[in-house]
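J.: pasting the structure only:
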């Protein structure tokens, strides 16, 4: 697999031929090598060689995550290239955030159906805007021809033994979530033609769908405080279910306490429930913490600039129970997203 940026070609072809693989890599993704910078933080040597050289911080552990975005499955053809570049990296950063990691390096593998320089310029802009904001360095990757497919592998680090995992929830813990839920699914319903919103409302929820903000600062602030965590990518009920299964516990979730935007809050109750519990693409953090840590959790949220909300409790009885504002069980819960069934 050729390393991203392994090319001595100039920025533009001088022989009049269309740009090839290495030309495109160099032009849109080889900025560090062109500037004489091949390192950044943990990246001792990045783009331009057969392998990247990474240097972990002493006393830390690496965390590695990979996400693939496929056109028509994970994003629509209507998304702007800049927003797509942002989201491609954001979904990986969200995984690192859920583990309390500090982002360090990432690798991009990109399949393109054709050479589209306007697309690549916008994609690279969105990608690097978020990368620079989070201090993470592109260290390599690959490109090829094929159906539009984006694959990023991201690496972060935490002090040894401090990673937040799905397996640490304890009976009696509070259940928390960050931000608001459901707007991305609301935007999807508009795209599907099942719902109409005003232009302003649609712009608001579409932004949440196409440019999610990974909660990296919150994840780091929860180290040593939260007992477990997961990011909400496939829907709150489904992703929380992973925590319950790995921790061998159950939970009761209070539907009325789930945070939602004013746009979603104005929708019919059945639609709100669908979007809140199984909408997916929220990229918020759901986490657990002991009851005596409530004030410190709120302070961690304020310090990270991200509101957090207490939405339920961890219990010994297996499974997830959802209750309404009166404490009555909510029946016939919608099914969470599945990449092979939804």
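T.: Looks like it arrived, so ask away. Since the model is a prediction, treat every value here as computed from it, not as a measurement.
J.: those strands in the protein, which residues are they?
T.: For the chain, applying DSSP state E gives strands covering 43-45, 53-54, 60-70, 102-112, 137-145, 149-159, 174-178, 228-231, 250-254, 285-289, 308-315, 319-323.
J.: Make CSV out of the ones you listed and add mean neighbour count, distance to residue 278 and mean pLDDT.
T.: Quick note: C-beta positions are derived from backbone N, CA and C, even for glycine. Formatted as CSV, those follow (neighbours: other C-beta atoms under 10 Å; distance: least, C-beta to C-beta, whole Å; pLDDT from 0 to 100):
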stretch, mean neighbour count, distance to residue 278, mean pLDDT
strand 43-45, 17, 38, 79
strand 53-54, 16, 37, 90
strand 60-70, 17, 20, 93
strand 102-112, 22, 28, 93
strand 137-145, 21, 33, 89
strand 149-159, 22, 24, 95
strand 174-178, 24, 14, 98
strand 228-231, 26, 15, 98
strand 250-254, 20, 12, 98
strand 285-289, 28, 13, 98
strand 308-315, 20, 15, 98
strand 319-323, 16, 11, 96
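J.: okay if I get those strands as TSV plus distance to residue 330?
T.: Converted to TSV, these look like this (distance: least, C-beta to C-beta, whole Å):
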stretch	distance to residue 330
strand 43-45	48
strand 53-54	47
strand 60-70	31
strand 102-112	37
strand 137-145	44
strand 149-159	36
strand 174-178	16
strand 228-231	21
strand 250-254	9
strand 285-289	17
strand 308-315	12
strand 319-323	4
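J.: so residue 187 touches residue 203, yeah?
T.: No. If you go by C-beta atoms under 8 Å, residue 187 and residue 203 don't touch, sitting 9.5 Å apart.
J.: who has more neighbours, the two?
T.: Shown here are residue 187 and residue 203; by other C-beta atoms under 10 Å, residue 187 has more neighbours (27 against 11).
J.: For the more buried one, give me its contacts.
T.: Neighbour list for residue 187: 202, 205, 206, 208, 209, 210 [criterion: C-beta atoms under 8 Å, 6 or more residues apart in numbering].
J.: Then residue 217?
T.: With contact taken as C-beta under 8 Å, 6+ apart, residue 217 is in contact with 303, 304, 305, 306.
J.: Pull the number of nearby residues for the last one.
T.: Right, residue 306. For residue 306, the neighbour count with other C-beta under 10 Å is 19.
J.: ok, now the third one?
T.: A count of neighbours around residue 305, defined by other C-beta under 10 Å, yields 11.
J.: gap between it and residue 178?
T.: Distance, residue 305 to residue 178, by C-beta to C-beta, to the nearest Å: 11 Å.
J.: just residue 208 next, same as before
T.: Distance from residue 208 to residue 178, by C-beta to C-beta: 13 Å.
J.: before we move on, what about residue 209?
T.: Residue 209 is 17 Å from residue 178, where distance means C-beta to C-beta.
J.: Just the mean pLDDT for stretch 88-95, thanks.
T.: Stretch 88-95 shows a mean pLDDT of 97.
J.: And the pLDDT for the closest residue to residue 237 other than its chain neighbours?
T.: Nearest residue to residue 237 in three dimensions, chain neighbours excluded: residue 277, at 4.5 Å (C-beta to C-beta, 6 or more residues apart in numbering). As predicted, residue 277 sits at a pLDDT of 96.
J.: same check, this time on the one 3 residues further on
T.: Reading off the per-residue confidence, residue 280 sits at a pLDDT of 89.
J.: Just give me the neighbour total for it.
T.: Using other C-beta under 10 Å, the number of residues around residue 280 comes to 22.
J.: And for residue 256?
T.: By other C-beta under 10 Å, neighbour count at residue 256 equals 10.
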